[in-house]
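1. Please find the sequence and the predicted model below.
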Amino acid sequence: MKRRTLLAGAAAAPVAAAPVVKVLAAEPVKITWWHSMSGALGDQVARITRQFNAAHKDIELTSVFKGSYPDTLNASIAAWRAGKAPNVAQVFDVGTGTMLAAGPAVKQIWQLAKETGADIKPATYIPAVRGYYSLPDGRLASMPFNSSTAVMWYNKDAFKMAGLDPAKPPQTWPEVMQAARVLKAKWADPLNAEAKSAAAKSAAPAAKGSLIRYAVTTSWLTWIQFEEFSAIHNIPFASEDDGFKGLGAVLQCNSPAHVAQLQRFMAMQKEGTFKYGGRDSAPDPLFYTGVAAIGFGSSAGRGDIVRNAKFDFGEALMPWDPAVSKTPHNTFIGGASLWAMTAPHRTAAEYKAVAAFFQFLALPEQDAMWAQNSGYVPVTLAGDALSRKQGYYDKNPGTDVPIQSLLRSPVTPYTRGMRLGRLPEIRNILYEECELAFAGKKTAKQALDETVARGNVVLRAFQKSVGG
Amino acid sequence: MRRSANWLAHSVLILGALLFALPIWLAFCAATLDPAAIDRGELSLIPRLDHIGSFWDVLVHGGPGVPPVWRMLVVSFGMALAIAIGKIVISILSAFAVVFFRFPLRRTAFWAIFVTLMLPVEVRIIPTYAVMGDLHMIDTFPGLAVPLIASATATLLFRQTFAAIPDELVEAARMDGAGPLRFLKDILIPVSAANLAALFVILFVYGWNQYLWPLVVATSPNLDTIVIGIVKMIGIDTSTEWNKVMATAVIALIPPVAVVVSMQRWFVRGLTEGEK
Amino acid sequence: MERRTIFAGWKLPLLLVAPQLVLTFVFFYWPALVAAYESLTRTDAFGIHVVFVGLANFRDLFADPLYRAAILRTVEFCAAVTALSLGLGLVLAVAADRELRGRNLYRVLMIWPYAVAPAVSAVLWILLLNPQIGLVGRFLIAHGIRWDYALNGSQAMLMVVLASAWKQVSYNFIFVLAGLQSIPKAVIEAARMDGARGLYRFRTVVLPLLSPTLFFLVVVDLVYAAFDTFGTIWAMTQGGPAQATQTLVVKVYNDGVVNLDLGSSSAQSVVLMVGVVALTALQFRFLGRRSGT
């Protein structure tokens, strides 16, 4: 350890004496990776870093936790502007539009492969995964890493108590609404009445069992119930193939199908079967604490559910609306990918090391191990096959649901993902408008029309700002 | 009549004290639960003393995604001290110059400082960040503290205190042959001790509680202050270990509360005298 | 107020103000200029394409009904926080001004929340008010009150006002108490002799004498509510639901750091800076006139 830092110091000091350093060829190439993986996920990143360094004696990879996804993106942008960008930055799915417009700040994967001669084939990756991070012609822009997709979690104990078959989760939205009514009448209402009478007896709410139950909740309302919803029904969320074909895209998420989707949730809210629990992953605890019997969420939430749920749970494919599409289509991914960033004086050796790191991540055993330990899906076809061969999916029923969801149909122009600039802001606008609808201040149509109007202003501003 | 009024006063004050203490007590209790208990709605007003180890745990090992709490305490302490002392020093010097000298552009200098009186860092956060980038101070310890040292509040306070010092005192000092710096050190600073103490308390608390600026300027975990650490521990992709968050929150309260309470007497006197 | 006795020389004083001036220029004026310049441009996050757009960002800003709503909301929020914290501070200080047993202990108990960080106070209030996990929140739900600040904007506003005001009561308490104690006992006695009683005496005698202190506190509280509550609001609601708790400072942060819309964010900074400087000048005029008489 001490020797390594000494060597590192020696490498850093004589900047002017670069040729001398080259002669001492034993010096490892140093690259850094900024990421947002905290907690148990951070431990996995540390393991990957360790194993990569052990396998590549000539490279020294350092991984640094840089806070949440927006924090990491901000830090990377600021660092690039100051000429100190990391070699590799983990950028969340919704930042993809921003990074693609970043021109000289990044080296897209196809470019990196061409320059370094590294053999990185897009076909290695699962189509629904690589689609999100590819250019329209199929060239790979960033490296798929932690990917999840939307699934439906359900509480099997609640299903049993309500007299529903826990082996047959609802498959379509009408079935979900029907199941929700049954869950409310036979599971939530009786338990809530019990909790209320307990609360009435003592002045303070009883410590246990005083949670008010609801049939349905959803995390990531905007991503899952609108963006993924569009993919499942093979309809556009925005024009220009969800923005893949150009910066001129306009939002189309106020179509009758989308309005019906929002109305569905408003109707369930009115029936008392749906609980809006906040933005992004904030509603996650509602499912794993047993407050909601059905919870739509990210497949990456599995670890938390396993750790916290004190009931038998199931993982199922997202429901669809047969009135919009006869059959369901594939979902696309969420999560983040890895971007190779540029900086002044960055050497060819560094880019080569970055390419080697990306190739390392795509090794079937690495990919399978990462997926099994993190709760994300494998991003390569070989990694998925290896997990299957190892019996991981059999031993952990439900864990192949996300893969099934991604492979549910061939990828179409509307099921690749979102390619919109300033998507985080657009999501917030959609959240705001939905919140107004749920609060009874707007109709579903008004809310989504307003989302489109406000979102288009943002899209035009982005288009202008990147010189499009 | 009087007695009943006293009872009223007592009950108002006790109610107020409870209102202040209740959230803290709740946080203390929450720190002694198991990680998911709060999510399950099992929070109560009775602590589980057998789980009190969570305090020691975060102090030594930290929480998910954040360094050990003792480390963050050190950073917070360093930042708060640097800001408090830095501000006091440069403010005393500039107030001294403005009050006791006549020099070219004196009024301009005073106004240039004074206009920034109420311009909090929140308002200028984005451009200040850009400037810090140009100065290569992003993600450094000086970057945390130095921009917050600049502020007109302390200068104004010292200016008012100094202005109230009788001319006779200055005259006497000059008769004794004391130079300006001697006068500052031997007379001015001792007479303003109460204000100095009050200001120290205010600025220490101000520095300790900074949130937005450290969040923006520092992303390296080595520079996490304890306030940032608390917010970072509230998980986004994984579940929040509430007991650790609460333990950290309670620990984070101790140093500034200790400073306020222990210096209470000077604090109150200095504040209220300065205002007059 | 000009001093008669001064020290001679001009080099030393210049040297003494230099550190303050340098910091002020580097961290106030330079950023202000950068903000002013960026507010006139449209740029992407990486700063690769920069286009000069004149006053377009400002036009867009004031044409945006949501921005105008945010201004109004900020005013309401500041007024509510000021009224609540000053009112409570006043009541507690009046109670603590009496000759009570345990007076000093009471004072300590009133003062310490001054030290609580805004972000921490937010976390504490979530523990109280969250409808699922909060002690008070669950109590309200169990008793049939529809408490849900994830959807109900007024309730979310109430929550951030409570949490923000809670922290500021101590500060008001300290100043009001000092103000009360500086009122000569003879004045109160005289009023008592005149037969003025209780509330009436307080309103006609004490309150007028306290008014300079109260005015000072109103200004301090308003500035606190406008700027120092960012941590509280961001940790509790991030400005939601819809935009129900988005104050101007929250919006600057949101547009600049989350949405990476640097042009608009800078324009908002410039607007806030102009507003704050105007407020300062106004206050200084007022205070200056007062100390002049």
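-> Sure thing, it's come through.
2. Would you mind listing what in chain C touches chain A?
-> Proximity of chain C to chain A (Cβ under 8 Å from any Cβ of the partner chain) is limited to residues C:42-49, C:51, C:132, C:135, C:138-139, C:141-143, C:150-153, C:238, C:240-243, C:257-261, C:263. Quick note: C-beta positions are derived from backbone N, CA and C, even for glycine.
3. ok, now which ones touch the nearest residue to A:K186 once chain neighbours are set aside?
-> Counting by Cβ to Cβ, 6 or more residues apart in numbering or on different chains, the nearest residue to A:K186 once its immediate chain neighbours are dropped is A:A162, at 4.0 Å. Counting by Cβ atoms under 8 Å, 6 or more residues apart in numbering or on different chains, A:A162 touches A:V182, A:L183, A:A185, A:K186, A:W187, A:A293.
4. now the nearest residue to C:L180 once chain neighbours are set aside: how far from C:R192?
-> Leaving out its chain neighbours, the residue that sits closest to C:L180 by Cβ to Cβ, 6+ apart is C:D97, at 4.6 Å. Distance, C:D97 to C:R192, by Cβ to Cβ, to the nearest Å: 15 Å.
5. So between these two, which is more surrounded?
-> Taking neighbours as other Cβ atoms under 10 Å in any protein chain shown, C:D97 and C:R192 compare with C:D97 leading, 17 against 12.
6. Now do the contacts for the more buried one.
-> Contact analysis of C:D97 by Cβ under 8 Å, 6+ apart lists C:L177, C:L180, C:Q181.
7. Counting neighbours, what do you get for the first one?
-> Here the neighbour count serves as a burial measure; for C:L177 (other Cβ under 10 Å) it reads 24.
8. what residues are up against the residue nearest to it when sequence neighbours are not counted?
-> Nearest residue to C:L177 in three dimensions, chain neighbours excluded: C:A93, at 4.2 Å (Cβ to Cβ, 6+ apart). C:A93 is in contact with C:N172, C:F173, C:V176, C:L177, C:L180, counting by Cβ under 8 Å, 6+ apart.
9. tell me which of these is nearest to chain A?
-> Using Cβ to the nearest Cβ, C:F173 comes nearest to chain A of the contacts of C:A93, at 29.1 Å.
10. on that earlier part again, just the closest of the contacts of A:A162 to A:T222, please.
-> Nearest to A:T222 out of the contacts of A:A162 is A:A293 (Cβ to Cβ; 22.6 Å).
11. A:L183 is in contact with the closest one, correct?
-> Yes - the pair A:A293 / A:L183 is scored as a contact, 4.8 Å apart, by Cβ atoms under 8 Å.
12. which residues are common contacts for the two?
-> Counting by Cβ under 8 Å, 6+ apart, the residues touching both A:A293 and A:L183 are A:A158, A:F159, A:A162, A:A215, A:V216.
13. Could you check how far the second one is from A:P86?
-> This means A:F159. With Cβ to Cβ as the criterion, A:F159 and A:P86 are 47 Å apart.
14. Likewise for the third one?
-> A:A162 sits 51 Å away from A:P86, going by Cβ to Cβ.
15. near chain C at all, stretch B:101-115?
-> Yes - using Cβ under 8 Å from any Cβ, stretch B:101-115 reaches chain C at B:F101, B:R102, B:F103, B:P104, B:R106, B:A109, B:A112, B:I113, B:F114, B:V115.
16. What's the per-residue pLDDT of the closest residue to the first one other than its chain neighbours here?
-> Spatial nearest neighbour of B:F101, excluding adjacent residues (Cβ to Cβ, 6+ apart): C:P13 at 3.6 Å. Note for C:P13: predicted pLDDT of 89.
17. How about the one 4 residues further on?
-> At C:V17, the model reports a pLDDT of 90.
18. So which of the contacts of C:D97 sits lowest on pLDDT?
-> Of all the contacts of C:D97, C:Q181 carries the smallest pLDDT score, 83.
19. ok, and the most crowded of the contacts of A:A162?
-> Top of the contacts of A:A162 by neighbour count (other Cβ under 10 Å): A:A293, with 31 neighbours.
20. ok, how many other residues are close to C:A8?
-> Neighbour count of C:A8, defined by other Cβ under 10 Å: 9.
21. next one: phi and psi at it?
-> Main-chain torsions, C:A8, degrees, to the nearest 10: phi -90, psi 170.
22. separation between it and C:V123?
-> C:A8 sits 56 Å away from C:V123, going by Cβ to Cβ.
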